[in-house]
Structure formats: structure tokens, C-alpha cells
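Q: kindly generate the corresponding structure for this input.
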Amino acid sequence: MNTYRLEAKTPFKPDHVNQVIRTLIDNELDGVKYDPETCARLCLTLSAELRSRVKVLGYDRCKLVCTVEIGEKCSQSVCSVVRFLWDVDRDNYAFYTYENTHIYAVACVYGVYYE
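A: Residues are numbered from 1 along each chain as shown. You can find the predicted model right below:
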């Protein structure tokens with residue numbers, strides 16, 4: 001049933017989510033070397049774990065979209081683009097970039113307003 005309330009009681013807070021992302025990514029990717037099959041599975045498990053840890057924070061009226069990208073460092077550049085219909089007042093995101101000598105990783109969590 002619609003409550004006609006537009007604002008969330010606990011809105012998405014990027015600062016708290018950044019801490020969750022940083023902790024998870026730093027712990028899981030420490031010392032990892034690039035292997036295509038292993039990194040593909042790691043992306044899936046990390047994004048699922050990230051989603052479950054952020055869900056525990058209890059943000060209401062918020063759909064969570066979690067992405068994790070892992071690539072090999074080979075003296076190359078990468079361009080990654082994500083597009084959404086965005087509500088500037090209610091939607092937000094948090095991200096973290098990780099690098100070691102073999103890989104780079106970008107983890108993003110988008111908190112998109114859901115009525």
C-alpha cells in the first residue's frame with residue numbers, strides 16, 4: 001500500500017558504504033594475481049557479498065546495484081561507462097578502486113530510489 005511518503009527514513013549514505021566496500025575488496029584481493037576464469041568468478045562472488053553486506057545497513061526505499069570489475073595491469077588504459085535514469089535528489093553511489101602489482105579492481109554500489 002502506498003504511504004505517499006517520498007523521503008526515505010534511512011537514505012543511502014555513501015560514506016558508510018565506502019567503508020564496507022574498502023574492507024571487503026582489500027581483504028579479498030590482497031595478493032591476487034590475474035587469471036581470467038578466477039577473476040570472473042571472483043567478480044560474481046564479490047558483488048553478491050557486497051550486496052548482502054550493504055543490505056544489512058538497512059537502507060529503505062533503495063534498490064541496490066552492485067558491480068565489480070577486475071582487470072589485468074598491462075600498461076593500458078580502460079574506459080568503463082554505466083548509465084542510469086538518475087534522480088539527483090534521491091539517488092547516490094559509492095565506489096572504491098583497488099590496485100596491486102598484477103590487477104586493478106573497481107567496485108561500485110548504486111543506491112537508486114525505489115518507491
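
Q: off-centre distance for the longest helix along the chain?
A: What stands out as the longest helix in the chain, according to DSSP state H, is helix 36-55. Helix 36-55 has its C-alpha centroid displaced from the chain centroid by 10 Å (Cα atoms, centre = their mean, to the nearest Å).

Q: then stretch 18-32?
A: 11 Å.

Q: quick one, phi psi at residue 98?
A: When read as degrees, to the nearest 10, the backbone of residue 98 gives phi -120, psi 140.

Q: beta partners of it?
A: residue 105 (DSSP bridges).

Q: the next helix or strand after the longest helix of the chain to helix 36-55, inter-axis angle?
A: Once helix 36-55 ends, the next helix or strand along the chain (criterion: DSSP states H and E) is strand 62-72. Strand 62-72 and helix 36-55 are oriented at 150 degrees to each other (axes from the mean of the first three to the mean of the last three Cα atoms, to 10 degrees).

Q: so what strands line up beside strand 62-72?
A: When DSSP bridges is applied, strand 62-72 pairs with strand 103-113 (antiparallel).
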